[in-house]
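[1] Attaching a predicted model along with its sequence, questions to come.
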Amino acid sequence: MQDFRGNFSHRVEKFSFGPGAKGIVQPLEGEEQIDEMPLKYQYWLQVVPTDIQTSYSRRKTQQYSVRDYARPVKKGEMQGIYFKYDFSAMRVRIEDDGEYFAMFLVRLSSIIGGIYITVGIFNGAINFLWELILCRSLSKLPK
């Protein structure tokens with residue numbers, strides 16, 4: 001049997017299980033491997049079913065994690081790109097309770113109140129120090 005030595009350089013443009021969703025990262029997208037010698041590329045994927053629920057929609061999709069490994073081809077072994085995947089028995093549920101306008105107003109007023117109080121404290125401290133310095137300097141003046 002003659003050994004086949006091909007070029008298995010590759011770039012993964014898009015790889016997902018199910019429809020995409022905002023905030024879901026597809027770790028293999030953009031992965032690029034340049035084959036400089038005969039290599040065997042292996043990708044182990046753990047796929048997790050995911051339910052995403054927002055105030056406006058509900059979507060079922062899958063996320064995955066990946067471990068990759070590239071090693072030189074041994075004699076008698078096939079060169080190539082291999083994907084091995086396993087579906088998890090767990091399900092991830094993501095709920096997004098968007099912030100409402102009233103919560104934004106409460107947080108904004110607390111920030112403004114905190115700034116007002118802090119400025120008042122600094123103003124009081126500066127006035128105290130000013131009066132202290134002014135009184136000491138006035139008491140040293142000849143009468």
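    Sure, I can see it. Numbers count the residues shown, from 1 in each chain.
[2] ok, now how distant is residue 52 from residue 45?
    Here residue 52 is placed at a distance of 20 Å from residue 45 (C-beta to C-beta, to the nearest Å). Using the backbone N, CA and C atoms, a C-beta is placed for each residue, glycine as well.
[3] Next: residue 121.
    For residue 121, the distance to residue 45 - C-beta to C-beta - is 56 Å.
[4] Those two: who's more crowded?
    A direct count of neighbours by other C-beta atoms under 10 Å for residue 121 and residue 45 places residue 45 higher, at 18 against 10.
[5] Let me know whether that one touches residue 82 as I believe.
    No. Using C-beta atoms under 8 Å, residue 45 makes no contact with residue 82, being 10.9 Å away.
[6] Look up how far residue 59 lies from residue 21.
    Taken as C-beta to C-beta, the span from residue 21 to residue 59 is 5 Å.
[7] got it, and residue 79?
    Taking C-beta to C-beta, one finds residue 79 at 39 Å from residue 59.
[8] can you check residue 109 too?
    Residue 109 is 35 Å from residue 59, by C-beta to C-beta.
[9] just to revisit the earlier point, shared neighbours of residue 21 and residue 59, anything?
    Residues touching both residue 21 and residue 59 by C-beta atoms under 8 Å, 6 or more residues apart in numbering: residue 52.
[10] Tell me where the model's unsure across this protein.
    In the predicted model, the chain carries pLDDT under 70 at residues 1-4, 98, 137-143.
[11] SS state for residue 125?
    With DSSP: H, G, I helix; E, B strand; the rest coil as the basis, residue 125 sits in helix.
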